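**Q** sequence below, structure please.
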Amino acid sequence: MSNTKRESAAPARDYQQPFEFVELEQVEAPDGSDDGRWYRYVISQGGQSIVGHRRGTKKKVREAVKDIVQRMNERRMGRSGRVHLSMSKK
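**A** Presented below is the predicted three-dimensional model:
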């Protein structure tokens, strides 16, 4: 039996923090992809980070990442964006 202490990748309190859009910078196109303007973005939650890349104008990429963050926070809060439909009588 090992005496090493296991630590989780993220403290439980990190999952209680909202996701935040923290960084956007223009980068070179990834290998094998089309040319164009590419951006690297960072989304954080507590001490955790998600790094992604997206092609487009700075404005379009910023809008897209803000939408991603909003949807991630809605999902985190249990609001997945589903609509409750009920059948009406004809």
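
**Q** which parts of stretch 43-62 are buried?
**A** When burial is assessed from 16 or more other CB atoms under 10 Å, stretch 43-62 yields the following buried residues: I43, S44, Q45, G46, R54, V61, R62. All C-beta atoms are positioned from the backbone trio N, CA, C, and that covers glycine.

**Q** Three-state assignment for the last one, please.
**A** Looking back up the chat, that one is R62. Classification of R62 using DSSP: H, G, I helix; E, B strand; the rest coil returns helix.

**Q** so who does it touch?
**A** Counting by CB atoms under 8 Å, 6 or more residues apart in numbering, R62 touches F21, L24.

**Q** model confidence for it, exactly?
**A** At R62, the model reports a pLDDT of 97.

**Q** from the buried residues of stretch 43-62, which is closest to R75?
**A** Nearest to R75 out of these is Q45 (CB to CB; 11.9 Å).

**Q** settle this for me: the closest one is touching E20, isn't it.
**A** Yes - using CB atoms under 8 Å, Q45 makes contact with E20 at a distance of 7.2 Å.
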